[in-house]
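Chemist: Here is my input, please return the structure:
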Amino acid sequence: MPTELKRIARVLTRGSFFLFIGKSLSTVIMAVGSIIVARLLGPENYGLYTLAMIAPSLLIPLSDLGISSALTRFSARFRSEGENRKVLALIKAGVGFKVISSMLLSLALLLLSGTIATGLLRRPEISFLIRFTSLYLLGQAVLMIIDSVFIGLDKMEKSCLLMNIQAIIKAVASPLLIIVGMGAIGAILGAGFGVFLAAVTGGAILLFHIYPILHRHNQTENINFSEAVKLMISYGAPLYLSTIILTLLMQYRNFILALFASNTEIGNYTTAMNFSILITLISYPIVTALFPAFSKLGVSEEHDAVKRMFNAAVKYTSLLVIPSSLVIAIFSKELVDLLYGLQFQLAPTYLTFYILRFLFAGLGMFVLGSFFNGQGDTKATLRMNLINLCLSVPLALILTSHYGILGLLVSILAAQFLSTAYGLLLANQKYKMTIDPIASIRIAIASLSSTLITYIFITFVAIPDHIFKLVVGGSLFLTSFLGFAPLFGAINKQDIDNLNELTKGIPLIYQIARAILYLENKIVAARTSLI
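Modeler: Numbers count the residues shown, from 1 in each chain. Okay, here's the model as predicted:
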C-alpha cells in the first residue's frame with residue numbers, strides 16, 4: 001500500500017472508530033433521555049412535543065443548500081493540497097452563511113408558528129410550543145455546519161465530543177425542566193439547549209484551536225466570500241435536491257402506509273424500522289469518514305490509489321455490515337420481544353425483510369455516495385436518488401395495495417438494489433471503478449454459513465431467556481464467522497496485514513484486533529497448506 005494511501009487509510013480508520021464511539025454513546029444517552037421524557041410527559045403531552053418538533057426537523061435539512069457537504073469536501077481537498085488559506089475562507093463563508101440563513105429561518109418559524117400549527121398540523125394549541133423550537137432549529141443548523149468542518153479536517157474526535165455534549169445536555173435538561181413544571185415546553189427547551197451549547201462549544205474549538213493551526217501556514221491563494229459561497233452552492237445543489245427527494249420519498253411511503261395498512265401493522269412496521277439504528281451505528285462512521293478520504297484523492301491524478309481504496313472500502317464495509325445484518329435478522333424476534341414486548345408479533349418479520357437491504361453493502365451501497373461526492377460528482381448521487389424515487393413511487397403503490405407492508409418492503413429492496421446497481425455501473429463507466437464480486441460472494445457465504453449454524457442452534461436448543469439466548473447465540477455467530485471468513489477466503493493474508501496496520505493507530509482496540517488477526521492468520525495459513 002503506497003505511503004499516502006496508507007496515511008489516508010489510517011486517518012479513515014481512526015476517524016471511523018471515534019465516530020462509532022461517539023454515535024453509539026450519544027444514541028444510548030438520547031434513547032434513555034427520550035424514555036424518561038416520554039414517561040414524565042405521558043402519551044398526550046409527549047405526542048404534542050413530537051408534533052411540535054416536526055417543523056424544525058423538516059426545515060433543518062431543507063435549509064442547508066448542500067453547504068455542509070461542500071465544506072466537508074473542500075476542507076479535506078484544499079487541506080490535502082496545502083491550500084489552508086482557501087480552507088479558512090470557506091469556513092468563514094460557510095459558517096457565516098449558515099448562521100445568517102438559520103437565524104432568518106428561525107425567525108420565520110417563530111412568526112409562522114400559528115399558521116403551521118393550525119394549517120398543517122391542525123392543532124392550534126401547539127403554536128406556542130412551535131415558537132420554542134426556533135432555538136432548536138438555530139442550534140442544530142449551526143451545529144451541522146461546524147460538525148461538517150470537523151469531519152473535513154479529520155477532527156472526528158471533536159465531532160464525537162459535540163454529539164455527546166448535545167446528548168448529555170438534552171438528556172439531563174429536558175427531564176429537569178419537565179420536573180420543575182414546564183411540561184412539553186421544558187422538553188423542547190432541553191433539546192434546544194443541547195444543540196445550542198454543543199454548537200457554541202464547537203464554535204469555540206473552531207475559533208480558538210482549529211483556526212490558529214490553519215492560520216500558521218496561510219501563504220496561498222485566497223478566495224473571497226462570494227466566490228466561496230458560489231463554489232459551495234454549485235457543488236451542494238445536487239445534494240440539496242437529493243435531500244428533498246429522500247424527504248419526499250419518506251413522506252410518500254408514510255402516505256402509502258396510511259392508505260393500505262392498519263394502525264396495528266403501521267405500529268409493528270415503525271417498531272421494526274427502529275432497529276435499523278443498529279446498522280446505522282456501523283455504517284454511519286464508515287460513510288462519514290470515507291467522504292473526506294475520497295475528497296483528498298482525485299481519480300484523474302491518482303486513479304490506481306483511488307481504485308484500491310474503493311475496493312478496500314467496499315470489502316471491509318461488507319465484512320462489517322453483512323454479518324451484522326444477518327445476525328439481527330435471525331434474532332429479530334428476541335430483540336423485538338425483549339425491547340417492545342410480545343404484542344408486536346409482526347415486527348420481527350418486517351425487520352427480517354427490511355434488514356436484507358443492507359446486504360447490498362457488497363455492491364458498494366455505502367461507498368458509492370461518498371465516492372461520488374468526494375470526487376465532486378454530486379450529480380451522480382442525485383441520479384441515483386432520482387432512480388430510487390422513480391422506482392419507489394409506482395412499486396410502493398402497486399405492491400403495498402396488493403401485499404400490505406411486506407409489499408412496501410419489497411419495493412424498498414427493489415428500488416435500493418437497482419439504484420445501487422446503477423451507481424456501480426456509473427462508477428465503472430465514468431471512473432473505471434469496480435468491486436471484487438468474488439470477495440463479496442465469499443463474505444456472503446461465510447455470513448450465511450454462520451447464520452445457518454446459529455439458527456439451527458437457537459431453534460433446537462431450548463433457551464427461554466431472551467438475553468441469554470442473544471449472548472450465547474451472538475457469541476456462536478461471531479466465533480463461527482471468524483472461523484468461516486478466512487476458511488472461505490473472505491479474508492486473506494493481505495487483508496490481515498492491512499487490518500493489522502490500520503488498527504495500530506488505535507491502541508484501545510489494537511490489542512484485541514491483534515489477537516483476533518493472529519488467529520485469522522493461522523486459519524489462512526492452514527487453508528493455504530491444504531489447497
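
Chemist: residue ranges with poor pLDDT in the stretch 401-531 of the chain?
Modeler: The stretch 401-531 of the chain contains residues with pLDDT under 70 at 530-531.

Chemist: For it, which segments count as helices?
Modeler: 437-460, 466-487, 493-503, 507-530 (DSSP state H, counting those that start in this stretch).

Chemist: buried stuff in the last one?
Modeler: Put plainly, it is helix 507-530. The neighbour-count check on helix 507-530 (16 or more other Cβ atoms under 10 Å) flags 513, 517, 520-521, 523-524 as buried. Every C-beta, even on glycine, is put in place using the N, C-alpha and C of the backbone.

Chemist: and which of those is nearest I322?
Modeler: E520 (16.9 Å; Cβ to Cβ).

Chemist: That closest one: what's it in contact with?
Modeler: By Cβ atoms under 8 Å, 6 or more residues apart in numbering, the residues touching E520 are 482, 485-486, 491, 496.

Chemist: one more time with 7 Å, if that's ok
Modeler: When contacts are counted by Cβ atoms under 7 Å, 6 or more residues apart in numbering, E520 touches 482, 486, 491, 496.

Chemist: List the residues that contact the closest residue to L246 other than its chain neighbours.
Modeler: Spatial nearest neighbour of L246, excluding adjacent residues (Cβ to Cβ, 6 or more residues apart in numbering): N385 at 6.3 Å. For N385, the contact set (Cβ under 7 Å, 6+ apart) comprises 242, 245-246.

Chemist: Output the lowest mean pLDDT helix or strand found in the protein.
Modeler: The weakest-scoring helix or strand in the chain, judged by mean pLDDT, DSSP states H and E, is helix 211-215 (a mean of 75).

Chemist: hmm, back to that, could you pick out the buried ones from the contacts of N385?
Modeler: 242, 245.

Chemist: Can you read off the pLDDT for L5?
Modeler: The model reports L5 with a pLDDT of 64.

Chemist: err, S101, not the other one
Modeler: 86.

Chemist: Could you measure from it over to L239?
Modeler: 16 Å (Cβ to Cβ, to the nearest Å).

Chemist: which residues in the stretch 51-200 of the chain form helices?
Modeler: Using DSSP H, counting those that start in this stretch, helices in the stretch 51-200 of the chain cover 54-62, 67-80, 84-111, 113-115, 127-152, 156-177, 183-205.

Chemist: so what does the third one touch, helix or strand wise?
Modeler: Looking back up the chat, that one is helix 84-111. The contact analysis (3 or more Cβ pairs under 7 Å, 6 or more residues apart in numbering; DSSP states H and E) places helix 84-111 against helix 54-62, helix 67-80, helix 127-152, helix 211-215, helix 225-260.

Chemist: tally of neighbours for L120?
Modeler: Using other Cβ atoms under 10 Å, L120 is surrounded by 12 other residues.

Chemist: What of L470?
Modeler: If we define neighbours as other Cβ under 10 Å, then L470 has 17 of them.

Chemist: so it makes contact with K333?
Modeler: No: because the distance of 10.8 Å does not satisfy Cβ atoms under 7 Å, L470 is recorded as not touching K333.

Chemist: and V87, how many neighbours?
Modeler: By other Cβ under 10 Å, neighbour count at V87 equals 25.

Chemist: Ok, the one 4 residues further on next?
Modeler: A count of nearby residues for I91, using other Cβ under 10 Å, gives 24.

Chemist: Repeat that for Y269.
Modeler: By other Cβ under 10 Å, 24 other residues sit near Y269.

Chemist: any idea how far it is from I328?
Modeler: 16 Å.

Chemist: which SS state does V299 fall under?
Modeler: Counting by DSSP: H, G, I helix; E, B strand; the rest coil, the backbone at V299 sits in coil.

Chemist: Surely it is in contact with V306?
Modeler: Yes: between V299 and V306 there is a contact at 5.1 Å, judged by Cβ under 7 Å.

Chemist: Find residues that contact each of these two.
Modeler: Counting by Cβ under 7 Å, 6+ apart, nothing touches both V299 and V306.

Chemist: and the contacts of E520, which two are the farthest apart?
Modeler: The widest separation within the contacts of E520 (Cβ to Cβ) is 11.9 Å, between L482 and I496.
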